[in-house]
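Peer 1: 3D model of this:
(one chain, ligands or ions: 2)
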Amino acid sequence: MQTSIATVCLSGTLVDKLHAIADAGFDAVEVFEPDLIAAPQTPEEVRALCDRLGLRIALYQPFRDAEGVTEPEFAQVLRRAEAKFELMDRLGVDTVLVCSNVATASIDDDAVSAAQLARLADLAAARGKRLAFEALAWGRFIDDYRRAWRIVERADHPALGVCLDSFHILSRGHDPADIERIPGEKIFFVQLADAPLLSMDVLSWSRHHRLFPGEGGFDLPAFVGHTLRAGYTGPLSLEVFNDVFRQTDPARTARHALRSLTVLEDALGTDARPVPAPHELDQVEIKAQDTDAVAAVLERIGFAPSGRHVTKPAWLYAAGDARIVLNEHNATGTAPHVAGFGIRVDRPEDAAARAERLGAQRAHRRLLAGETDLPAVLAPDGTEILISGPQSGAAWPGEFAGGHGTPDPSIRGIDHVNLTEPAADIEEAVLFYGTALGLTRESSAELAGPAGLVRSQVLRSGDGGVRLALNVVPPLAERTSTTQRHAQHVAIACDDLPGLIGRARARGLRTVPVSANYYDDLGARFDLPPGELERLREAGLLYDRDAAGEYLHCYTETIGTVFFELVERRDRYDGFGAANTPVRLTAQHLSH
Ligand SMILES: O=C(O)c1ccc(O)c(O)c1
Ligand SMILES: [Mg+2]
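Peer 2: Ligands and ions are numbered 1, 2, ... in the order given. The predicted structure follows:
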């Protein structure tokens with residue numbers, strides 16, 4: 001399937017955009033007219049650049065307000081079209097998108113629109129051009145692709161077909177199954193955009209909030225399936241108007257965009273490779289110039305040092321199935337931060353190949369798997385993912401020697417990892433981690449803290465063995481606070497958290513203090529058994545409950561940009577204590 005993207009999706013000048021699109025690996029491009037008009041290059045120069053870059057210009061767009069108009073107005077439409085066909089000759093593009101009239105339409109009549117489009121198509125055909133008619137969701141009279149098709153069918157002109165844009169169809173709740181009634185050769189172009197399911201006017205929704213396929217609430221695989229079954233063989237072209245992507249690095253956004261098409265193609269089964277589902281979080285790597293303070297906190301929690309790496313300045317701390325690597329190799333000048341994590345899957349090489357197909361780079365392991373040969377990849381945010389095989393008791397811990405001490409018996413494993421992403425990168429991170437690691441998007445929440453709203457998206461493997469939470473830093477929070485920017489954390493699963501916390505405190509562990517008001521509110525919200533509220537208050541634990549079970553948790557101080565959460569899941573509780581997050585954010589804010 002040919003891949004294409006509209007220049008309007010990206011930031012930068014037309015030349016920046018074309019380079020980014022070609023470098024990402026797209027086959028074709030839609031030139032969005034305002035990008036061309038503002039560019040200092042001549043159309044011939046743009047055409048030559050596309051040739052050099054190996055990019056086909058598949059579409060020129062948009063041509064607005066062409067039909068449903070009075071005869072004098074239509075004479076002006078033909079004059080304007082003549083100039084655009086001339087321009088298209090110079091650019092070397094043969095198809096122009098004509099969108100349904102939003103501004104000048106005064107005649108609500110299929111016969112009139114069909115006759116005018118046919119006359120426009122006559123003019124186009126004489127210049128070797130084609131018109132792809134698109135019903136905008138907010139068209140004055142034509143706002144439904146089925147009506148656009150009826151008009152095109154009625155005009156019955158070989159140079160006139162439809163353009164199907166998933167946003168206009170799915171945002172209005174129009175049934176895309178009727179696409180299959182359109183002959184494939186009359187579908188001149190297909191544009192793809194996803195979007196979050198918002199309730200707002202459709203024009204603002206379209207102009208500001210479109211997303212790449214797989215990132216919103218629309219069923220793009222089903223939509224594309226209908227176009228393919230109709231017999232469409234042209235490019236799948238991304239057309240995403242989005243306020244963030246208009247600002248971010250175009251090269252990175254273009255790679256992200258192409259990744260979304262790769263995922264979509266996989267979902268269509270044209271190149272399906274089952275994603276190996278991960279079983280568990282095998283380890284977390286925390287890097288810093290000096291990891292002593294993190295080591296001290298881990299020992300107070302109940303981890304035991306399992307030794308130093310045989311060749312590198314790195315140490316393994318373990319307890320139960322929880323393994324944390326503290327790495328000082330190549331870390332000059334860095335504060336403690338989560339540099340990577342490990343997952344355990346059935347077929348590590350397949351999982352790595354899948355991640356690479358989605359644009360991840362192979363990581364040249366500086367640390368683990370130097371001796372044991374395991375694949376590792378870099379996520380777009382730079383996090384290193386080490387991929388282990390299914391056997392528990394992986395080989396890599398054997399790279400560490402000289403351990404001592406006994407871990408606390410209540411510690412079970414790694415419950416989840418919580419990474420922070422800049423607001424501009426969250427869509428990319430969610431798409432990448434979800435699709436490369438075979439995790440499903442779970443709840444997303446907006447949590448209020450003293451420095452703004454923290455958006456949080458949870459990704460989870462089918463059996464809950466791997467849980468990853470991605471938090472968006474409030475974009476302006478850097479001006480007021482540093483704490484939320486640094487909200488990366490590693491959650492340690494244990495049983496009997498009250499018992500563990502007592503022993504950990506005796507070892508000197510400090511946790512973030514919880515307000516007295518919190519416990520008053522907890523008592524009001526939950527009818528807890530006698531004495532339970534007091535026990536939670538004395539232990540300084542947070543509490544949550546849902547229909548499936550209970551959740552007890554608490555947080556350590558922050559070291560560098562990392563802190564630890566200790567969690568006990570009772571029965572089948574499957575959340576993250578989100579209701580308690582504002583209390584935690586405030587406590588962390590106060591302790592800085
Ligand atoms: O928002 C618009 O005006 C607009 C223009 C061209 C398109 O293809 C489209 O889907 C929307
Ligand atoms: Mg469109």
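
Peer 1: Smallest gap between the stretch 351-500 of the chain and ligand 2, at which residue?
Peer 2: residue 427 (19.6 Å; C-beta to the ion). Using the backbone N, CA and C atoms, a C-beta is placed for each residue, glycine as well.

Peer 1: tell me the contacts of whatever residue of the stretch 51-200 of the chain ends up closest to ligand 2?
Peer 2: Nearest residue of the stretch 51-200 of the chain to ligand 2, counting by C-beta to the ion: residue 165, 3.5 Å away. Shown in contact with residue 165 (C-beta atoms under 8 Å, 6 or more residues apart in numbering): 134, 190, 191, 192, 193, 239.

Peer 1: now swap in residue 162 and tell me
Peer 2: Listed by C-beta under 8 Å, 6+ apart, the contact partners of residue 162 are 132, 133, 134, 145, 148, 149, 152, 182, 186, 187, 188.

Peer 1: and if we set it to 6 Å?
Peer 2: By C-beta atoms under 6 Å, 6 or more residues apart in numbering, the contact list for residue 162 reads 133, 148, 149, 152, 187.

Peer 1: Could you list the low-confidence segments of this protein?
Peer 2: 270-276, 365-372, 392-394, 478-486 (pLDDT under 70).

Peer 1: Counting residues, which helix of it comes out longest?
Peer 2: Ranked by residue count, the top helix of the chain under DSSP state H comes out as helix 71-91.

Peer 1: ok now that helix, how far from the chain's centre?
Peer 2: Relative to the centre of its chain, helix 71-91 is centred 40 Å away, using C-alpha atoms, centre = their mean, to the nearest Å.

Peer 1: what's the next secondary structure element after it?
Peer 2: The helix or strand immediately downstream of helix 71-91 is strand 95-99, counting by DSSP states H and E.

Peer 1: How about residue 342: what's its closest non-neighbour residue?
Peer 2: Counting by C-beta to C-beta, 6 or more residues apart in numbering, residue 342 lies nearest to residue 282, which is 3.6 Å off, once chain neighbours are set aside.

Peer 1: right, and the helix or strand after the host helix or strand of the one you found?
Peer 2: Using DSSP H and E, residue 282 sits within strand 280-287. The helix or strand immediately downstream of strand 280-287 is helix 292-301, counting by DSSP H and E.

Peer 1: The residue in the chain that ligand 1 sits nearest to: which element?
Peer 2: Residue of the chain nearest ligand 1, by C-beta to the nearest ligand atom: residue 62 (3.9 Å). Following DSSP H and E, the helix or strand that holds residue 62 is strand 56-63.

Peer 1: Helix, strand or coil: sort out the residue nearest the centre of the chain for me.
Peer 2: In the chain, the residue lying closest to the centroid (C-alpha atoms, centre = their mean) is residue 427, at 2.7 Å. Secondary structure, DSSP: H, G, I helix; E, B strand; the rest coil: residue 427 is helix.

Peer 1: excluding its backbone neighbours, what's nearest it?
Peer 2: Residue 427's closest residue in space is residue 215 (C-beta to C-beta, 6+ apart), at 5.1 Å.

Peer 1: do residue 336 as well
Peer 2: For residue 336, the spatially nearest residue (C-beta to C-beta, 6+ apart) is residue 560, at 3.1 Å.

Peer 1: Contacts only, for residue 244.
Peer 2: residue 424.

Peer 1: Please state the backbone phi and psi of it?
Peer 2: phi -80, psi -50 (degrees, to the nearest 10).

Peer 1: Quick check: it vs residue 472, distance?
Peer 2: 11 Å (C-beta to C-beta, to the nearest Å).

Peer 1: Same question for residue 12.
Peer 2: 24 Å.

Peer 1: which of the two has more neighbours?
Peer 2: residue 472 (25 against 18; other C-beta atoms under 10 Å).

Peer 1: For residue 219, grab the count of nearby residues.
Peer 2: For residue 219, the neighbour count with other C-beta under 10 Å is 14.

Peer 1: no no, residue 417
Peer 2: 20.

Peer 1: elements contacting the one helix or strand residue 48 maps to?
Peer 2: Applying DSSP H and E as the criterion places residue 48 in helix 43-53. If you count contacts as 3 or more C-beta pairs under 6 Å, 6 or more residues apart in numbering; DSSP states H and E, helix 43-53 packs onto helix 71-91.

Peer 1: The helix it packs on versus helix 43-53: what angle between them?
Peer 2: 50 degrees (axes from the mean of the first three to the mean of the last three C-alpha atoms, to 10 degrees).

Peer 1: in helix 71-91, what's buried?
Peer 2: By neighbour count with 16 or more other C-beta atoms under 10 Å, helix 71-91 contains the buried residues 73, 74, 77, 81, 84, 85, 87, 88, 91.

Peer 1: Please tabulate these in a markdown table and include distance to ligand 1 as additional columns.
Peer 2: Below are those laid out as a markdown table (distance: C-beta to the nearest ligand atom, whole Å):
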| residue | distance to ligand 1 |
| --- | --- |
| 73 | 19 |
| 74 | 21 |
| 77 | 17 |
| 81 | 16 |
| 84 | 14 |
| 85 | 18 |
| 87 | 17 |
| 88 | 16 |
| 91 | 17 |
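
Peer 1: Report the entries of those that also contact ligand 2.
Peer 2: Of the entries in the buried residues of helix 71-91, none also sits close to ligand 2 under the rule C-beta under 5 Å from the ion.

Peer 1: hmm, which two among those residues are most spread apart?
Peer 2: 73 and 91 (26.4 Å; C-beta to C-beta).

Peer 1: Those residues of the stretch 151-300 of the chain touching ligand 1, which are they?
Peer 2: Residues of the stretch 151-300 of the chain lying close to ligand 1 by C-beta under 6 Å from any ligand atom are 165, 191, 206, 207, 239.
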